[in-house]
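*Asks:* Pasted the sequence and its predicted model underneath.
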Amino acid sequence: GRSWVPLLKGARPADWRTSVLIEHHSDPESYLGRSALRRAMNMGYKAVRTETHKYIRYTDLEDMDELYDLEADPYEMQNLIDDPGAQGTLRGLQAELDRLLEETGAP
């Protein structure tokens, strides 16, 4: 764990995190015989969230990643994954997600 004391005293810790790892695990075998909507709602994913963006990598679906600019689109209505202007942000978030997964030992 980490001490909250510096934060409670108003200081920003030197090792302040700028991103958060989010994971939702699923069992594809449990989807057999279920509707496509039900399967889609329960797909596993790994994601990284920063102050301004969210990148989602689905573990059970290839080429279905999502990228959102949370400042411009707080309700996540416009997926920027294929937007040429967002490719630099995408590469940075992909690298950050990989770093967090390695740091935590996540599969």
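*Replies:* Everything's here; your move.

*Asks:* which strands and helices sit next to the longest helix seen in the chain?
*Replies:* Taking DSSP state H as the criterion, the chain has its longest helix at helix 87-104. Applying 3 or more C-beta pairs under 8 Å, 6 or more residues apart in numbering; DSSP states H and E, one finds that helix 87-104 contacts strand 19-24, strand 45-50, strand 53-58, strand 66-69. C-betas here are computed from N, CA, C, even on glycine.

*Asks:* now do 7 Å
*Replies:* Contact analysis of helix 87-104 by 3 or more C-beta pairs under 7 Å, 6 or more residues apart in numbering; DSSP states H and E lists strand 19-24, strand 45-50, strand 53-58 as its packing neighbours.

*Asks:* Check what contacts that helix and list those residues.
*Replies:* The contact list for helix 87-104 (C-beta atoms under 7 Å, 6 or more residues apart in numbering) reads 19, 21, 46, 48, 53, 55, 57, 67, 81.
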